[in-house]
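K.L.:
sequence isn't available, so here's the structure alone:
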């Protein structure tokens with residue numbers, strides 16, 4: 001899903017442009033974007049509790065941006081991270097809008113899509129010398145695959161179930177806790 005890729009790519013770009021603290025806290029601003037998009041596109045009912053949770057997330061975001069300093073690099077990084085949060089919210093709303101009947105199939109197809117489209121890019125980066133993969137041993141590759149399955153796939157699956165069983169805003173605020 002291009003939405004997922006853009007959200008993750010912009011977040012990783014922001015890591016090089018701002019502090020880790022800022023990128024972590026600002027990424028939680030996706031709860032506000034998710035709430036707004038849920039009200040607008042999904043026509044979910046307004047709830048004061050959701051608004052309160054989002055307000056607390058944003059108060060932390062503002063304080064973090066102020067504390068991070070005023071140099072242009074950190075503010076640009078903060079903006080890229082906010083874009084990532086917006087794209088994550090769009091991804092969340094998209095999952096709820098289409099409500100896949102089989103979440104396992106959805107993530108399987110998402111993985112297949114990313115593997116088919118991104119594997120050639122990895123090979124091109126390796127061949128061009130931009131990314132060196134020759135030192136990637138079989139045990140390290142195995143650990144990376146295991147970590148990806150146990151961490152990323154499991155957490156994304158459980159999060160998607162929370163989106164479908166509760167609401168996008170509740171699931172996203174829950175991640176910010």
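P.N.:
Structure's in. What do you need? Everything numeric here is computed off the predicted structure, so don't read it as measured data.

K.L.:
so who does the nearest residue to residue 171 once chain neighbours are set aside touch?
P.N.:
Nearest residue to residue 171 in three dimensions, chain neighbours excluded: residue 162, at 4.0 Å (CB to CB, 6 or more residues apart in numbering). Using the backbone N, CA and C atoms, a C-beta is placed for each residue, glycine as well. Neighbouring residues of residue 162 by CB atoms under 8 Å, 6 or more residues apart in numbering: 170-171, 174.

K.L.:
from residue 14, how far out is residue 162?
P.N.:
Using CB to CB, to the nearest Å, residue 162 is found at 25 Å from residue 14.

K.L.:
is residue 131 in a helix, a strand, or coil?
P.N.:
coil (DSSP: H, G, I helix; E, B strand; the rest coil).

K.L.:
so it touches residue 122, yeah?
P.N.:
Yes - Residue 131 is within contact range of residue 122, at 7.0 Å (criterion: CB atoms under 8 Å).

K.L.:
how about low-confidence regions in the protein?
P.N.:
Scanning the chain for pLDDT under 70 picks out 1, 64-65, 68-73, 177.

K.L.:
which stretches in this structure count as strands?
P.N.:
Read by DSSP state E, the chain holds no strands at all.

K.L.:
for it, just list every one of the helices.
P.N.:
Along the chain, counting by DSSP state H, helices occupy 2-15, 20-27, 30-41, 48-67, 72-98, 103-128, 138-147, 154-165, 168-176.

K.L.:
show me what the fourth one is packed against.
P.N.:
Think helix 48-67. helix 20-27, helix 30-41, helix 168-176 (3 or more CB pairs under 8 Å, 6 or more residues apart in numbering; DSSP states H and E).
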